[in-house]
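Colleague: structural data only, the sequence is not supplied:
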């Protein structure tokens with residue numbers, strides 16, 4: 001998932017926003033605008049933790065699961081980075097107007113000088129009654145009638161008024177809506193360009209209710225029917241993941257849990273298995289992974305599982321592979337001793353490390369619905 005996403009087209013739209021003319025005397029309430037801008041997520045809100053590149057050493061035996069998970073984490077962060085770049089460029093430009101009746105700042109609509117149609121954006125204060133205090137969107141359309149423009153990025157957030165780095169929010173990147181607009185309006189539309197599918201995420205950050213000096217950040221997100229532009233011939237994949245960071249004055253704990261479809265065979269046979277990997281890192285080093293795979297090349301009712309621990313340099317200290325069928329062990333392979341797992345000499349569940357299974361099923365269903373069907377009707 002290391003594609004450029006839709007940066008080629010959508011980033012051009014934002015540049016069109018930045019180049020639009022504004023009045024010499026700006027009547028906009030700048031303090032109010034700062035409050036609204038805080039609704040748009042930052043890269044730190046959505047980026048997955050990636051302790052591996054800063055702590056991994058060339059010496060020793062590098063841990064398997066952090067290594068094989070690294071391309072997935074890179075893909076997540078690459079997708080998020082492009083999304084946030086677009087949003088940050090939007091809100092950094094002077095808005096066209098503020099509508100006090102609808103309590104929203106509006107950018108545009110303006111012609112897209114580097115593409116087709118028009119582009120606009122808004123951030124709206126929905127008051128206390130909505131799910132989130134603010135909603136925002138980047139929209140595309142064939143005319144400058146704001147009512148006819150379609151969101152390609154949409155989200156909502158409730159920032160903490162006492163700390164702009166805290167709060168909760170949701171965001172959707174709708175590759176399908178952007179592609180549909182291009183296909184309908186661009187005579188030079190390239191069907192192999194651009195990504196397919198959708199990305200939706202719920203994110204939050206704030207102090208731990210039991211320890212105000214500690215901070216917790218988290219993201220629960222999904223890709224649905226995703227096909228990156230740089231691998232346009234691949235079959236679509238779904239990806240569900242949770243990641244977060246708990247940080248006290250003395251220590252930190254990063255955790256990642258994701259489920260997707262990956263060809264795990266060596267050598268690859270072109271058949272994807274359903275793969276789940278759950279990991280935790282203590283102080284960006286010592287950690288544990290628990291993985292499982294099923295379907296694909298595995299026989300019916302077969303499940304492959306793995307457990308791995310590593311040290312502060314993310315070098316392996318323990319590894320175990322098992323293959324079971326109908327609950328009965330068929331094969332097992334072990335390196336080292338489970339006693340070498342240190343702080344992680346217990347399952348991640350026993351250690352109460354957050355996982356996807358801990359997330360409210362209704363919340364996951366809501367994210368799945370948005371990522372499957374697109375922007376909800378307001």
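Modeller: Cool, the structure landed. Every value quoted in this text rests on a predicted model; they were computed, and no experiment measured them. Residues are numbered from 1 along each chain as shown.
Colleague: give the contact list for residue 106.
Modeller: 95-99, 120-122, 146 (C-beta atoms under 8 Å, 6 or more residues apart in numbering). The way it works is simple: take the backbone N, C-alpha and C, and place the C-beta from them, glycine included.
Colleague: 10 Å instead, please
Modeller: Taking C-beta atoms under 10 Å, 6 or more residues apart in numbering, we find residue 106 in contact with 95-99, 120-124, 146.
Colleague: these two touch, right, residue 276 and residue 242?
Modeller: No: here residue 276 lies out of contact with residue 242, judged by C-beta atoms under 10 Å, at a distance of 11.3 Å.
Colleague: could you confirm residue 67 falls within a helix?
Modeller: Yes: assessed with DSSP: H, G, I helix; E, B strand; the rest coil, residue 67 lies in a helix.
Colleague: would you map the helices across the stretch 1-150 of the chain?
Modeller: In the stretch 1-150 of the chain, the helices defined using DSSP state H, counting those that start in this stretch lie at 7-18, 30-37, 43-46, 52-55, 64-92.
Colleague: out of the contacts of residue 106, which are buried?
Modeller: 95-96, 98, 120-124 (16 or more other C-beta atoms under 10 Å).
Colleague: how close does the nearest residue to residue 312 once chain neighbours are set aside get to residue 189?
Modeller: Sequence neighbours aside, residue 285 is the residue nearest to residue 312 in space, at 3.6 Å (criterion: C-beta to C-beta, 6 or more residues apart in numbering). Residue 285 sits 48 Å away from residue 189, taking C-beta to C-beta, to the nearest Å as the criterion.
Colleague: out of these two, which sits in the busier spot?
Modeller: Taking other C-beta atoms under 10 Å, residue 285 and residue 189 do not tie; residue 285 has more neighbours (19 against 14).
Colleague: spit out the contact partners of residue 140.
Modeller: 9-10, 13, 109, 112, 115-120, 149-153, 177-178, 180-182, 185.
Colleague: hey, what's it bridged with?
Modeller: Counting by DSSP bridges, residue 140 is bridged to residue 119, residue 150.
Colleague: next helix or strand past the helix or strand hosting residue 318?
Modeller: Secondary structure assignment for residue 318, by DSSP states H and E: strand 316-325. Counting by DSSP H and E, the next helix or strand C-terminal to strand 316-325 is strand 328-336.
Colleague: packing partners for that following strand?
Modeller: Helices and strands touching strand 328-336, by 3 or more C-beta pairs under 10 Å, 6 or more residues apart in numbering; DSSP states H and E, are strand 302-310, strand 316-325.
Colleague: for whichever helix or strand comes after that strand, what does the pLDDT average out to?
Modeller: Remark: after strand 328-336, the chain's next helix or strand is helix 361-373, criterion DSSP H and E. For helix 361-373, mean pLDDT rounds to 93.
Colleague: show the pLDDT at residue 348.
Modeller: Reported pLDDT for residue 348: 97.
Colleague: then residue 274?
Modeller: 90.
Colleague: centre of the chain to stretch 188-198, how far?
Modeller: Averaging C-alpha positions (C-alpha atoms, centre = their mean, to the nearest Å) puts stretch 188-198 20 Å from its chain's average.
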